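Q: Fold the following.
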Amino acid sequence: MAIRSIITIPDAILRETSKTVETVDDEVRALANDMLETMYAAPGIGLAAVQIGVLRRLIVMDAQKGDEKGKNPVVLINPEILTHGDTPRVHEEGCLSIPQMYAEVERPALVRVRYVDAEGKQQERDFSDLEATLVQHEIDHLEGRLFIDHLSRLKRTLLIRKYHKLQRERAKADVL
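A: Reported below is the predicted structural model:
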């Protein structure tokens, strides 16, 4: 396993659509393991392959806290949302590809997802609350969407400006 570099905005790859994983093999499982190690090191609770520069439909998640963290990570290959619940949920989202920036995003509180697991078996699972938000956020990455795309144009512009300002301040501090 290896910790990979996480790609951040404005890198254009984050806006590309990821390609279907045709076969679940040792290479795909190794990629998933690298993604988990990268996600935990960041630290984060979800990561899409595109965020490490790999345009494959693969996401990893672990929304557990405390001692449960790392015991039951979820690997979803070729995930597809089948149904959405009617109840909305507002959650302050962040993203490893837009570090230290957060905004409230409204998404369905319940989703049913079809995916292939790390063993190559087709699965369907209901995700609710934080996990529902998380799986939708990560699936968005596979379609070239970021959480900021769910914001109004004004809020998105302000958040991006704030991010760039923070990056400039960090670069300036690194020079000193």
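Q: Settle this for me: Gln64 is touching Lys71, isn't it.
A: Yes - Gln64 is within contact range of Lys71, at 6.7 Å (criterion: CB atoms under 8 Å). All C-beta atoms are positioned from the backbone trio N, CA, C, and that covers glycine.
Q: So between these two, which is more surrounded?
A: Higher neighbour count among Gln64 and Lys71: Gln64, with 15 against 8, using other CB atoms under 10 Å.
Q: Could you check the pLDDT of the more buried one?
A: On pLDDT, Gln64 comes in at 89.
Q: Quickly note the distance from it to Gly70.
A: Per CB to CB, to the nearest Å, Gln64 is found 8 Å from Gly70.
Q: and what of Arg145?
A: For Arg145, the distance to Gly70 - CB to CB - is 28 Å.
Q: Looking at those two, which is more packed in?
A: More crowded of Arg145 and Gly70, by other CB under 10 Å: Arg145, with 16 against 10.
Q: for the longest helix along the chain, which positions count as buried?
A: When the chain is parsed with DSSP state H, its longest helix is helix 153-175. For helix 153-175, a neighbour-count test (16 or more other CB atoms under 10 Å) marks Arg156, Leu159, Ile160, Tyr163 as buried.
Q: residues contacting the second one?
A: With contacts defined as CB atoms under 8 Å, 6 or more residues apart in numbering, Leu159 is in contact with Ile98, Met101, Ala103, Ile148, Leu151.
Q: Many thanks, have a good one.
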